[in-house]
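Asker: okay, sequence plus prediction incoming.
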Amino acid sequence: MTILDQASRARLEKLYGDFSGTLIRAMRIEFVEATAERVVGRMPVEGNTQPMGLLHGGASCVLAETLGSTGAGLHAGEGRFAAGIEINATHHRSATSGYVTGVATLLHGGRTLATYDIEITDERGRRVCTARLTCMLRDVH
């Protein structure tokens, strides 16, 4: 976790711990901002490509689901968790180097469901992918 302000860092550490053994760490996703209404993160293209050297579409989906699920988990609150139940993504263009940045924005935040719109762009601000994620919000047992 880099770039985050202290309050956001504390919220994420409470939600996820230190990310040990997670896909977040394996794909080198960094959080920039994290609130229930908006989560921003970035991920390197290098190491997250398909054999042709393009950003893997599945990597874009992982970034989108990570950011949306994080927002949903923050929205769910203490003693609750978020589980992704539906994601869709449209891949608009390829990325071959640098970082891609995702911005997840809350569309609906209810008691049992939260839906986020996620826009992923390259370093030139061009849209790489648009995704929508819906998470179920449940009590921790």
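Answerer: The structure has been received and is ready for your questions.
Asker: OK, contacts around M136?
Answerer: Shown in contact with M136 (C-beta atoms under 8 Å, 6 or more residues apart in numbering): 82-83, 85, 112-113. Backbone N, C-alpha and C define where each C-beta goes, glycine included.
Asker: measure it to P44 for me?
Answerer: Between M136 and P44 the distance is 30 Å, computed by C-beta to C-beta, to the nearest Å.
Asker: quick revisit: distance to M27 and pLDDT added to the contacts of M136, as TSV?
Answerer: Formatted as TSV, these follow (distance: C-beta to C-beta, whole Å; pLDDT from 0 to 100):
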residue	distance to M27	pLDDT
A82	19	96
A83	19	96
I85	21	98
T112	29	97
L113	26	98
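Asker: and which of the residues you listed is nearest M52?
Answerer: Ranked by distance to M52 (C-beta to C-beta), the contacts of M136 are led by I85 at 31.2 Å.
Asker: mind checking the SS state of the closest one?
Answerer: Under DSSP: H, G, I helix; E, B strand; the rest coil, I85 falls in the strand class.
Asker: got the phi/psi numbers for A10?
Answerer: Note on A10: backbone dihedrals following degrees, to the nearest 10 are phi -60, psi -40.
Asker: how about A59?
Answerer: Main-chain dihedrals, A59, degrees, to the nearest 10: phi -70, psi -40.
Asker: nearest residue to it in space, please, no chain neighbours.
Answerer: N48 (3.9 Å; C-beta to C-beta, 6 or more residues apart in numbering).
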